[in-house]
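Engineer: Below are the sequence and a predicted model; questions follow.
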Amino acid sequence: MTPQPTPSASATSLKRNSRSLRIWHWLNSALVLAQLATILFLFVIVKVKTLAPEFSKALAEKGVTMPPADLRGLTRIVAHRIWDWHIWIGITLACLLAYRVLVSFLQRGGQRTDAKLARLKGRAAQGEAGATKAVWVRYSYRVFYVILAVMVVTGLVLVFEDYFPSIEHTVKEIHEFTMYLVIAFVVAHIVGVFRAEVTTEPGIVSDMIHGGEPVEE
């Protein structure tokens, strides 16, 4: 068997995905999913708007009656608790987004986003199958960062809405719209990664866990 050449030191000192990037990726993924879960609980699973009749029915079975105003107060307690989680997760996401900006300055050599994009463009120019698609996927990540930033900023404005009464309604609409865009991206990303994993790019998930192959500095 022909021995394989040993990679140079400059090619083995850095992994494709740095540790800081991988930490950000998985923490951000977990928090985005947790944030979407709070919305799912509020409007699909728990359905806060329908809790008052359900509370009334359950209490009636025990011979207890409660005025509608008091029942609405109970539903608000449930809603406020979930919204508290939503707010704190959102604040943590804001901190993680700031951390992602810092991470971008910590990348070196082939780890840098522009270097990865340049390599993909070079492969696409040579006619490599799938390279052009990979370039557009990279651009979609940049779009996602912008959408995530808009969602985080508008969310923070809503947390401190008392200071922004004139734009509260507009900001709320923007926040809700970006939420749908984030949901669409998350679904597309999961489907895309799964498809790549079982077809053209096996090990893509492992690379984001262990760092992937070495790259040149």
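Structural biologist: That came in fine, so what should we check first? Residues are numbered from 1 along each chain as shown.
Engineer: What distance do you get for L27 to C95?
Structural biologist: Taking Cβ to Cβ, to the nearest Å as the measure, L27 falls 10 Å from C95. Where you see a C-beta, it was placed from the backbone N, CA and C, and this is true even at glycine.
Engineer: neighbour count winner among the two?
Structural biologist: L27 (16 against 12; other Cβ atoms under 10 Å).
Engineer: how much space is there between the closest residue in space to that one that isn't next to it in sequence and I204?
Structural biologist: The shortest distance from L27 to any non-neighbouring residue, by Cβ to Cβ, 6 or more residues apart in numbering, is to L96 (6.0 Å). Between L96 and I204 the distance is 22 Å, computed by Cβ to Cβ.
Engineer: Compare those two (neighbour count), which wins?
Structural biologist: L96 (19 against 14).
Engineer: buried sites along the helix or strand that contains the more buried one?
Structural biologist: Under the criterion of DSSP states H and E, L96 resides in helix 68-106. By 16 or more other Cβ atoms under 10 Å, the buried positions in helix 68-106 come out as 71, 75, 79, 82, 86-87, 89-90, 93-94, 96-97, 100, 103.
Engineer: I figured V193 hits G203, correct?
Structural biologist: No: V193 is not in contact with G203 according to Cβ atoms under 8 Å; the separation is 11.3 Å.
Engineer: quick revisit: give the contact list for the residue nearest to L27.
Structural biologist: For L96, the contact set (Cβ atoms under 8 Å, 6 or more residues apart in numbering) comprises 24, 27-28, 31.
Engineer: all strands of the protein, in order?
Structural biologist: For the chain, strands defined by DSSP state E occupy the ranges 14-15, 214-215.
Engineer: average pLDDT across the last one?
Structural biologist: Confidence for strand 214-215, expressed as mean pLDDT, is 78.
Engineer: Begin at 277 from now on, thanks
Structural biologist: Will do, 277 is the new start, and the previous item becomes strand 490-491.
Engineer: Parallel or antiparallel, list what pairs with that strand.
Structural biologist: The pairing partners recorded for strand 490-491 under DSSP bridges are strand 290-291 (antiparallel).
Engineer: Run the chain-centre distance for the strand it pairs with.
Structural biologist: How far strand 290-291 lies from its chain's middle: 24 Å, per Cα atoms, centre = their mean, to the nearest Å.
Engineer: So which helix or strand of this protein has the lowest pLDDT on average?
Structural biologist: When the helices and strands of the chain are scored by mean pLDDT, DSSP states H and E, helix 285-288 comes last with a mean of 46.
Engineer: nearest spatial neighbour of K397, skipping sequence neighbours?
Structural biologist: Ranked by Cβ to Cβ, 6+ apart and with sequence neighbours excluded, the top spatial neighbour of K397 is V411, at 5.9 Å.
Engineer: who's in contact with the one you found?
Structural biologist: Counting by Cβ under 8 Å, 6+ apart, V411 makes contact with 393, 396-397, 400.
Engineer: F440 too?
Structural biologist: F440 sits next to 433, 447 when contact means Cβ under 8 Å, 6+ apart.
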